[in-house]
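Student: Generate a structure from the sequence data that follows.
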Amino acid sequence: MKTLKLLSMCVALSSFSMFQSCSAQSEGNEMAENTMGKTHKCNAKCCENKKCEIAHGEKGHHCDADCGGERTSDGMVKSQSVLFKKGKVYELAFAEVIPEKMDQLNNEYFPKAMPFMMKYGAKMIGGFSVEKNESEMLPANMVAIFEWPSAQARLDLLADKKFQKIVHLRDEALKSVSLGYFEVTENKEVIFKSDKVYEIGAANLFPGDEASASLNKYFEVSEPIKRAYGGAYPEFVLNLSTVEAKGQATYTPHMQFIVEWESVEDNTKLFADEDFKTKAIPLMMKAVAKFDAVFTKFVFN
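Tutor: Residues are numbered from 1 along each chain as shown. Reported below is the predicted structural model:
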C-alpha cells in the first residue's frame, strides 16, 4: 500500500469523454452495485475538503460531503459509489478512440454490446475522460473499468457468434487499446466525485534491496512534504493486483492504483516543490523502474 502512495505521485496525463450511453444502460440494468447521481449542495463559500462550516451567519453548520474544488453552477457536486469486490476480475481498458468514430462507439456498438456483456455476468463500473496523459505505454483518450465474474467469462463473450457480428463497430472506432486485469484483496468502496481528478496509474519497481531501501526512505521523507507543499493531500483510494487473465492482458504492471487529487495543478505543484524535487524525487527514481499514469475525471450521466 505504501508503494502505491509513492507511485501515485509519479504522473500527469490527456482529455476526452466516453461511455455516457454505456454507463446509462449499465445503471438501468443494475450494473455494478453503484449509487448513481448523488449530489450535495453547499452554500458556504468556505466549504472545502471533508467538512465545512459557515463562518458568516450560521455558526456550527457542518457538511459531511466533500465539496471543495469545482462545482456546477448551482453548487451541486455529483458522486458515485462503486463497490470493488473480492473474487471479481476488473478489466481496465485504456483506449485511443478515433474522434470521428466516437458516435459509432457510443450509439451503435455499446447499446448492442451491453446485453451480451450482461449475459456473461459483466458490469460496467465506469468511464473516465482523460484530463492529461504523459504515458507512452497507454496513449489513451478514455479509460473504462469493467467487472467480470472471471477471466474465462470474457473469453466466453468473445467466442459468442452473435457478439462477433458487432465487434467490427468497436474495432473500427479504436486506434489502439491496452487491457489489464486485476483483483482486490478485500471489498473496497470508492466514491468518485465530480470535483476531483483521478490518477489511474501503473508501475514497476527495480528489483533488489537497494531499491527497497530507497522506497522506504522515500516514504519517510515525502510524507511531511505531501502535507505541506501548499495543495491538497493526494488520497490513495484503490490498490489493484494483477490477476491471471488467460492471455488477454496486454500490460501486466507490478501494481495498479487510483489516487484522488484535488486537481492536476496540485500534482504539478507538488513536483515543483523544492523539498520534493531535491529530497524525495531522487529516492523515488532509485526505486521506480517505470510508471504510467493517466489523470482523469469520472464521467457522470
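
Student: ok, and what's touching the helix or strand where Gly180 lies?
Tutor: Here Gly180, judged by DSSP states H and E, is contained in strand 174-183. Strand 174-183 is contacted by residues 86-98, 101, 105, 137-140, 151, 202, 240-245, 248-253, 256 when judged by C-beta atoms under 8 Å, 6 or more residues apart in numbering. C-beta: built from backbone N, CA, C; applies to glycine.

Student: please redo it, this time with the cut-off set to 6 Å
Tutor: 89-96, 98, 138, 240-243, 245, 249-251, 256 (C-beta atoms under 6 Å, 6 or more residues apart in numbering).

Student: tell me the strands in this structure, going along the chain?
Tutor: All strands of the chain, identified by DSSP state E, fall at 35-41, 76-84, 89-97, 123-133, 142-148, 174-183, 188-193, 197-205, 235-242, 255-261, 288-298.

Student: I'd like those strands laid out as CSV, including distance to Pro111.
Tutor: Converted to CSV, the strands of the chain look like this (distance: least, C-beta to C-beta, whole Å):
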stretch, distance to Pro111
strand 35-41, 18
strand 76-84, 21
strand 89-97, 17
strand 123-133, 12
strand 142-148, 15
strand 174-183, 17
strand 188-193, 24
strand 197-205, 26
strand 235-242, 29
strand 255-261, 28
strand 288-298, 21
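
Student: Nearest approach to Ala211 belongs to which of those?
Tutor: strand 197-205 (5.9 Å; C-beta to C-beta).

Student: Please tell me how far the residue most central in space within the chain sits from Phe291.
Tutor: The centroid of the chain falls nearest to Ile200 when counting by C-alpha atoms, centre = their mean (4.2 Å). Ile200 sits 12 Å away from Phe291 when distances are taken as C-beta to C-beta, to the nearest Å.

Student: same question, Asn133
Tutor: 13 Å.

Student: what distance separates the helix ranked longest in the chain from the centre of its chain?
Tutor: When the chain is parsed with DSSP state H, its longest helix is helix 209-226. Relative to its chain's centre, helix 209-226 lies at 24 Å (C-alpha atoms, centre = their mean, to the nearest Å).

Student: swap in stretch 274-285?
Tutor: The chain centroid and the centroid of stretch 274-285 are separated by 25 Å under C-alpha atoms, centre = their mean.

Student: residue ranges with poor pLDDT in the stretch 51-200 of the chain?
Tutor: 51-74 (pLDDT under 70).

Student: related to what we said a few turns ago, what angle separates the strand holding Gly180 from strand 89-97?
Tutor: Interaxial angle, strand 174-183 versus strand 89-97 (axes from the mean of the first three to the mean of the last three C-alpha atoms, to 10 degrees): 160 degrees.

Student: Skipping its backbone neighbours, what lies nearest Leu138 in space?
Tutor: Phe94 (4.2 Å; C-beta to C-beta, 6 or more residues apart in numbering).

Student: Any idea what the one you found is bridged to?
Tutor: As for beta bridges, Phe94 partners with Val143, Ser178 under DSSP bridges.

Student: Burial check on it, number of neighbours?
Tutor: Counted with other C-beta atoms under 10 Å, residues neighbouring Phe94 total 28.

Student: Now a PyMOL select for only the buried ones of the contacts of strand 174-183.
Tutor: Entered in PyMOL, the line below selects the buried ones among these, by 16 or more other C-beta atoms under 10 Å:
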select buried, resi 89+90+91+92+93+94+95+96+138+240+242+243+245+249+250+251+256
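
Student: is it true that Ala232 touches Ser263?
Tutor: No: using C-beta atoms under 6 Å, Ala232 is not in contact with Ser263, being 8.0 Å away.

Student: Now do the buried residues in stretch 191-204.
Tutor: Buried-residue list, stretch 191-204, by 16+ other C-beta under 10 Å: 191-203.

Student: do stretch 221-230 as well
Tutor: Within stretch 221-230, the residues scored as buried using 16+ other C-beta under 10 Å are 221-222, 225-226, 229.

Student: Format the residues you listed as JSON lines; extra columns: pLDDT and distance to Glu183.
Tutor: Formatted as JSON lines, the buried residues of stretch 221-230 follow (pLDDT from 0 to 100; distance: C-beta to C-beta, whole Å):
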{"residue": "Val221", "pLDDT": "97", "distance to Glu183": "31"}
{"residue": "Ser222", "pLDDT": "95", "distance to Glu183": "28"}
{"residue": "Ile225", "pLDDT": "97", "distance to Glu183": "32"}
{"residue": "Lys226", "pLDDT": "95", "distance to Glu183": "28"}
{"residue": "Tyr229", "pLDDT": "96", "distance to Glu183": "33"}
